[in-house]
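1. Let's see this in three dimensions:
(chains A and B)
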Amino acid sequence: MLSDGRVKFLAAKKRRRVLIRVSQISILILTLVLWEGLARAGVIDSFIMSQPARILRTILNWQNNNLPLHIGVTFFETIIGFTLGALLGIFIAFVLWWSDVLAKIADPYLVVLNALPKIALGPVIIIWVGAGMQAVIVMALAISLIVTVMEMLNGFKNADPEFVKMAKTFGASRLQIFTKVIFPFNLSTLFNCLKINIGLSLVGVIAGEFLVSRAGLGYLIVYGGQVFQMDLVMTSVIILAVLAALLYRAVALLETAVMRAVRHR
Amino acid sequence: MREILRFDEVSLTYQADNGEVDALRDINFSVNEGELVSIIGPSGCGKTTLLSLVAGLVAPSRGKIFVCGREVSGVLREVGYMLQKDSLLDWRSIFGNVMLGLEIRGLKENAQYVEHLLKSYGLWGFRDKHPSQLSGGMRQRAALIRTLAVKPDILLLDEAFSALDYQTRLVVADDVFNILRREKKSAVIVTHDIAEGISMADRIIVLSKRPGRVSMDFPLKFETGDSRTLPPLRRRDDPLFRQYFNDIRLELGINVI
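-> The predicted model follows:
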């Protein structure tokens, strides 16, 4: 039996939760309704601004405008760039953790490379690896790589020294210290990093597709802009937003699964 | 009686950024099989450094250290080390934690011994739990079992209870004492707590301020029982306890102001 105070407290808490959720959904609906209404009333030019109904029509027309192909290409490039960036980033961080001297030497270069807008390297990347999907993937990789190296190296170095000492007293090798203590200690750092990277990879892919590509959502946006098909541009942007959210969600789910698997050993 | 540990004219000087530090000077002492020795000294006198030497984590500048007749050069499997914090890895279960040393040393065949230890000391039912689900005392016990699992001949306890609150600390000291006795282990117990040092050992070594030297080395004898069997909490009631306490206190130069 709950006390009156408790009942009131729980009710207030629930009201708050409902209020937040209802407001979130209302904003979305209101925006769509307002957009559609203003376009129909002729207040805004749907040729420039597009309109929800036209976007919906573009989506439903997916067989003719090849949407699945473009989504697939962007998805594929993002996943490959993201995975390579993460793997390479962790590996480089591992090497720099292993050798403190190397880390010290690399430090100023990492700082500069981190501050440098990687998109500026676009033309260079295209010339080096060739115009095509590979350039887009390298772009996605480049944009997430340095952040991963810095974040992971920082995490590796800041693992609890008591844990490290404990492993050393058992005669652990450096590799054992890494696999048994340092890396598992940094799993949450890794996933925080991956959650940021998935968004960054998408930025790299879209920027890459703007520069060179014959397919992908980035291509579609540029193409739509050039032929003044705002419906296509808006549709691509909205699909991109959904894709970004789904990818983020996938990383979060992966995190839950990995954390659970590790804890149940 | 077999000699488990011997310090032979050991000195340690290390290089710090702001100069040379004389940490330990001319240390001589030995520990026999089954003996519990407390090392008491002011903070910064090199107590932890002394244990690091035995553990093979640091090499002496002069002199030699022998464990079971072998000169220490690197980490020896005869030595088990318990740190200030229990250092249980929170992503591993209790079982995974106590198996860590065996995993590192590739001694999976000791798993049965681990099972025996967990069962004898009341942690078997908690083997699938995670460290955060255990009390401070139980965590310390798990850390002890992790150290015992590799079957060391000598244990090094470095302020092993200092992270616990005072009440828990008294209980855990009793607990660890009993386990060490039952498993017939030798141990070097480093502490800054005079009472804790007296309550756990057969012998006391007092280190001076830096550079640490052995300023006292004497066996403990009690009126109400033998040091081998008299448990820590009961010792505190022994008439000689206060006398030992004051002797050490004066040696350390702690006076009433």
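
2. ok, for residue 199, nearest residue in space, not its chain neighbours?
-> As the question left the chain open, I've gone with chain A. A:Ala244 (6.3 Å; C-beta to C-beta, 6 or more residues apart in numbering or on different chains). (Each C-beta comes from the backbone N, C-alpha and C, glycine too.)

3. To clarify, I was referring to chain B.
-> B:Pro232 is the one closest to B:Ser199 (C-beta to C-beta, 6+ apart), at 3.7 Å.

4. and that neighbour, what is it in contact with?
-> By C-beta atoms under 8 Å, 6 or more residues apart in numbering or on different chains, B:Pro232 lies in contact with B:Leu170, B:Ala173, B:Asp174, B:Phe177, B:Glu196, B:Ser199, B:Met200.

5. mind redoing it with 6 Å?
-> B:Ala173, B:Asp174, B:Phe177, B:Ser199, B:Met200 (C-beta atoms under 6 Å, 6 or more residues apart in numbering or on different chains).

6. near chain A, which residues of the stretch 1-150 of chain B?
-> Contacts of the stretch 1-150 of chain B with chain A, taken as C-beta under 6 Å from any C-beta of the partner chain, map to B:Ala55, B:Val75, B:Tyr81, B:Leu83, B:Lys85, B:Ser87, B:Trp91, B:Gly96, B:Gly101, B:Ile104.

7. nearest to A:Gly89, of these?
-> B:Trp91 (21.6 Å; C-beta to C-beta).

8. give me the low-pLDDT residue ranges for the stretch 101-250 of chain B?
-> Applying pLDDT under 70 to the stretch 101-250 of chain B picks out no residues at all.

9. Show me which residues of the stretch 51-200 of chain A sit near chain B.
-> A:Glu162, A:Phe163, A:Met166, A:Thr169, A:Phe170, A:Gly171, A:Ala172, A:Gln176, A:Pro184.

10. Please parse chain B into its domains.
-> B:3-78+B:152-251, B:92-150 (automatic domain parsing).

11. close enough to count as contact, A:Ile80 and A:Ile137?
-> Yes - contact status for A:Ile80 versus A:Ile137: in contact at 5.2 Å, counting by C-beta atoms under 6 Å.

12. how about CSV for the domains of chain B, with distance to A:Ala103 added?
-> Below are the domains of chain B laid out as CSV (distance: least, C-beta to C-beta, whole Å):
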stretch, distance to A:Ala103
domain B:3-78+B:152-251, 19
domain B:92-150, 25
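
13. Name the SS class of B:Ser30, please.
-> Secondary structure assignment for B:Ser30 (DSSP: H, G, I helix; E, B strand; the rest coil): strand.

14. What sits closest to it if chain neighbours are left out?
-> In space, B:Ser30 is closest to B:Arg6, 4.2 Å off (C-beta to C-beta, 6+ apart).

15. Next up, phi/psi of the one you found, please.
-> phi -140, psi 130 (degrees, to the nearest 10).

16. Tell me which of A:Ile80 and A:Ile137 has more neighbours.
-> Higher neighbour count among A:Ile80 and A:Ile137: A:Ile137, with 26 against 19, using other C-beta atoms under 10 Å in any protein chain shown.

17. quick one: the residue nearest to B:Ser30 and chain A, what's the gap?
-> 20 Å (C-beta to the nearest C-beta, to the nearest Å).

18. How are the strands of the stretch 1-150 of chain B distributed by residue range?
-> All strands of the stretch 1-150 of chain B, identified by DSSP state E, counting those that start in this stretch, fall at B:3-16, B:19-32, B:36-40, B:62-67, B:70-71, B:79-82.

19. will you turn those strands into CSV that also has mean pLDDT and distance to B:Glu159?
-> Output for the strands of the stretch 1-150 of chain B, formatted as CSV (pLDDT from 0 to 100; distance: least, C-beta to C-beta, whole Å):
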stretch, mean pLDDT, distance to B:Glu159
strand B:3-16, 91, 19
strand B:19-32, 91, 17
strand B:36-40, 94, 11
strand B:62-67, 92, 20
strand B:70-71, 90, 27
strand B:79-82, 92, 9
